[in-house]
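**Q** structure here, sequence nowhere to be found:
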């Protein structure tokens, strides 16, 4: 297998860094990371997909400032935010107290990933469109996308903006405008944790839209599991569910992409 770090142009003239692995040209697949960025888990997903005969790219969505935004620094900030009880995450007093305890660099991360989340994701989508263009420029004929957590939602959004032939969403949010599901080109595999109310509250609207616009959907909910259950080494990793989800992912890509 050929794997390496590459750089390629984005939508705004900047350069994006990406982890590229290839062991064939059956299709190009974009792997979209969790909020933590390019972790060893994401690299391993990229390698596993490449071993099936695909050319696989995991773009670093923090390329513009990877010294500040990396797995260690993002984890330090976001884990503190996630430590707030769900009912407190909208409490401005609780949030203000948390932010007061952050360093100046940590406050920048908080601003980017929490306060300005919508504009940050807009930029990330632009980078993902550039990732699609990069793979298309290699002469590949079919394309897929797969994303986890934040990356699952970004992948779902991307599928409404570029013609992906196959989309895999691991516990990701719906596209911002549910009607945009009408623009999805290929089938979607959606995998959810049973104990993930923030994400799962959007499932009924997603299913209705899939039916309304006559899109192909395969879906699985894993009872008793939590958001990010597939992340190896993570706090809520569930081996049985992760294994089943991966087997479904492989079968899905093999059926649709070859």
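**A** Now that the structure is in, tell me what you want to look at. Note that this is a predicted model, so its numbers are computed, not measured. Numbers count the residues shown, from 1 in each chain.
**Q** where is the longest helix in this protein?
**A** helix 117-137 (DSSP state H).
**Q** helices or strands next to that helix in the packing?
**A** strand 2-9, strand 15-22, strand 28-32, strand 55-59, strand 143-148, helix 150-159 (3 or more Cβ pairs under 8 Å, 6 or more residues apart in numbering; DSSP states H and E). Glycine gets a C-beta too; all of them are placed from N, C-alpha and C.
**Q** save those as JSON lines, and put in mean pLDDT too.
**A** Compiled in JSON lines, these are given as follows (pLDDT from 0 to 100):
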{"stretch": "strand 2-9", "mean pLDDT": "96"}
{"stretch": "strand 15-22", "mean pLDDT": "97"}
{"stretch": "strand 28-32", "mean pLDDT": "98"}
{"stretch": "strand 55-59", "mean pLDDT": "98"}
{"stretch": "strand 143-148", "mean pLDDT": "98"}
{"stretch": "helix 150-159", "mean pLDDT": "98"}
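**Q** looking at these, which is buried most?
**A** Highest mean neighbour count among the helices and strands packed on helix 117-137 (mean count of other Cβ atoms under 10 Å): strand 28-32, with a mean of 29.
**Q** give me the sheet partners of that one and which way each runs.
**A** With DSSP bridges as the test, strand 28-32 is paired with strand 55-59 (parallel), strand 143-148 (parallel).
**Q** need these in a markdown table with distance to residue 247, can you?
**A** Compiled in a markdown table, those are given as follows (distance: least, Cβ to Cβ, whole Å):
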| stretch | distance to residue 247 |
| --- | --- |
| strand 55-59 | 18 |
| strand 143-148 | 14 |
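**Q** list the buried residues of stretch 23-39.
**A** By neighbour count on 16 or more other Cβ atoms under 10 Å, the buried set for stretch 23-39 is 23, 26-39.
**Q** now the end-to-end length of it.
**A** 21 Å (Cα to Cα, to the nearest Å).
**Q** distance between it and the chain's centre?
**A** 9 Å (Cα atoms, centre = their mean, to the nearest Å).
**Q** then stretch 34-43?
**A** On Cα atoms, centre = their mean, the centre of stretch 34-43 falls 9 Å from that of its chain.
**Q** likewise stretch 137-153?
**A** 9 Å.
**Q** of the helices and strands packed on helix 117-137, which is nearest residue 110?
**A** helix 150-159 (15.0 Å; Cβ to Cβ).
**Q** SS state for residue 174?
**A** Following DSSP: H, G, I helix; E, B strand; the rest coil, the label given to residue 174 is coil.
**Q** neighbours of the closest residue to residue 88 other than its chain neighbours, how many?
**A** Excluding its sequence neighbours, the residue lying closest to residue 88 (Cβ to Cβ, 6 or more residues apart in numbering) is residue 94, at 4.4 Å. For residue 94, the tally of surrounding residues (other Cβ atoms under 10 Å) stands at 14.
**Q** okay, and residue 94 sits in which element?
**A** helix 92-100 (DSSP states H and E).
**Q** elements contacting that helix?
**A** By 3+ Cβ pairs under 8 Å, 6+ apart, helix 92-100 packs against no helix or strand.
**Q** how far away from the center of its chain is that helix?
**A** Centre-to-centre, helix 92-100 and its host chain are 28 Å apart (Cα atoms, centre = their mean).
**Q** show the average pLDDT along it.
**A** Mean pLDDT, helix 92-100: 86.
**Q** give the buried residues for that helix.
**A** Buried residues in helix 92-100, defined by neighbour count with 16+ other Cβ under 10 Å: 95, 98, 99.
**Q** repeat that for stretch 77-91.
**A** 77, 78, 81.
**Q** quick check: the second one touching residue 35?
**A** Yes. Taking Cβ atoms under 8 Å as the contact criterion, residue 78 and residue 35 are neighbours in contact, 6.1 Å apart.
**Q** low pLDDT regions in the stretch 151-258 of the chain?
**A** Scanning the stretch 151-258 of the chain for pLDDT under 70 picks out nothing.
**Q** that one: strands as residue ranges?
**A** For the stretch 151-258 of the chain, strands defined by DSSP state E, counting those that start in this stretch occupy the ranges 166-170, 188-195, 217-226.
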